[in-house]
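Visitor: I would like the atomic coordinates for the input below:
(one chain, ligands or ions: 1)
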Amino acid sequence: MTSTSVERVDYTGEGLSEDELAPTPWQQIRRWVDEADARGRNGADVPEPRALSVATVDASGAPNVRTVLMRFLDERGPGFVTSLDSTKGLELAANPHIAAALTWPAMFRAIRFRGTGEQVDRDEVATYWASRPWGSRISAWASSQSQPATGRAQLEADFDRYAAQFPDHGNDDDVPVPQFWGGFRIRCSEVEFWGGRRNRLHDRLVFTAVGAGGGAAAQDIDIRPGLDEAAAWVLVRRQP
Ligand SMILES: Cc1cc2nc3c(=O)[nH]c(=O)nc-3n(C[C@H](O)[C@H](O)[C@H](O)COP(=O)(O)O)c2cc1C
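Guide: Numbering: from 1, shown residues only. A predicted model of the protein is given here:
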């Protein structure tokens, strides 16, 4: 396809003004996530509204991105579950810098997060784990996530082996949480709300974290305030 044949869609979203913006990143995230969730349920023009693109960097500084599901969301930041021994898990252990995005094209909206990845507490992981279907819990055991696989048959044999070891009795504790499995929460230093508008003149409203005394550099990874701490964030509009 040549560049001239690419279909052009004008983004007719209503955008986002400073007047409409909630006073804290948390409150604005909550609004937009709730609206996306509703669009996921009713009519489903936003399938998987909690699909979160997560970028990490490897030892050479090269980025890596993949999609996960946002399984945690509170004033500390959005979070997801994964194998801690996966590529993303090992990259975050070596370098906690992380960036992520929730993208809702049907709503002409996106939220971008930058910050550091912090492991989710084991008790929170265990609570989430108990809510997973039995088969998903078995798969977590069966998968050495991100490692080479010899083939589909081997994966299914490994699944069957763990299924036999931890049979489904319909209980939350039928399958223990693997030590190598857990989650990360993004402690944010920056949260951007993007609203697509006509003629590509989009809105970008960005909350940047400042230190307790105000004014400290936002990229300092030690500055990771709660998302609902109004005094800890400054607002900047960026050009589209
Ligand atoms: C919609 C969607 C949801 C996904 N959810 C998760 C998830 O919650 N956790 C996870 O580890 N991988 C999830 N994956 C798989 C990841 O994209 C990725 O393949 C996997 O985590 C391995 O990534 P890594 O090798 O970079 O660590 C999901 C993929 C898609 C497309």
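Visitor: hey, let's count contacts and neighbours off CA atoms from now on
Guide: Noted.
Visitor: Can you list the residue ranges for helices in this protein?
Guide: Secondary structure of the chain (DSSP state H): helices at 25-41, 87-94, 122-131, 134-142, 152-165.
Visitor: and those helices as a markdown table, adding distance to Leu201?
Guide: Shown next, in a markdown table, are these (distance: least, C-alpha to C-alpha, whole Å):
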| stretch | distance to Leu201 |
| --- | --- |
| helix 25-41 | 20 |
| helix 87-94 | 34 |
| helix 122-131 | 41 |
| helix 134-142 | 43 |
| helix 152-165 | 47 |
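Visitor: Make JSON lines out of these and add mean pLDDT.
Guide: Formatted as JSON lines, the helices of the chain follow (pLDDT from 0 to 100):
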{"stretch": "helix 25-41", "mean pLDDT": "96"}
{"stretch": "helix 87-94", "mean pLDDT": "98"}
{"stretch": "helix 122-131", "mean pLDDT": "98"}
{"stretch": "helix 134-142", "mean pLDDT": "98"}
{"stretch": "helix 152-165", "mean pLDDT": "98"}
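Visitor: The ligand is nearest to which of the ones you listed?
Guide: helix 87-94 (3.8 Å; C-alpha to the nearest ligand atom).
Visitor: quick one: that closest one near the ligand?
Guide: Yes - Helix 87-94 comes into contact with the ligand (C-alpha under 6 Å from any ligand atom), by way of Thr87, Lys88.
Visitor: hey, C-alpha coordinates of that helix in CSV?
Guide: The C-alpha coordinates for helix 87-94 follow below in CSV (Å, rounded to 0.1, in the frame of the first residue of the first chain):
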residue,chain,number,x,y,z
THR,A,87,11.3,-11.0,29.3
LYS,A,88,9.4,-8.1,30.7
GLY,A,89,9.8,-9.3,34.2
LEU,A,90,13.6,-9.7,33.9
GLU,A,91,13.9,-6.3,32.1
LEU,A,92,12.0,-4.6,34.8
ALA,A,93,14.1,-6.3,37.5
ALA,A,94,17.2,-4.9,35.8
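Visitor: Below-threshold pLDDT in this protein: ranges please.
Guide: 1-4, 43, 211-223 (pLDDT under 70).
Visitor: Make CSV out of the helices of the chain and add mean neighbour count.
Guide: Shown next, in CSV, are these (neighbours: other C-alpha atoms under 10 Å):
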stretch, mean neighbour count
helix 25-41, 18
helix 87-94, 19
helix 122-131, 15
helix 134-142, 19
helix 152-165, 14
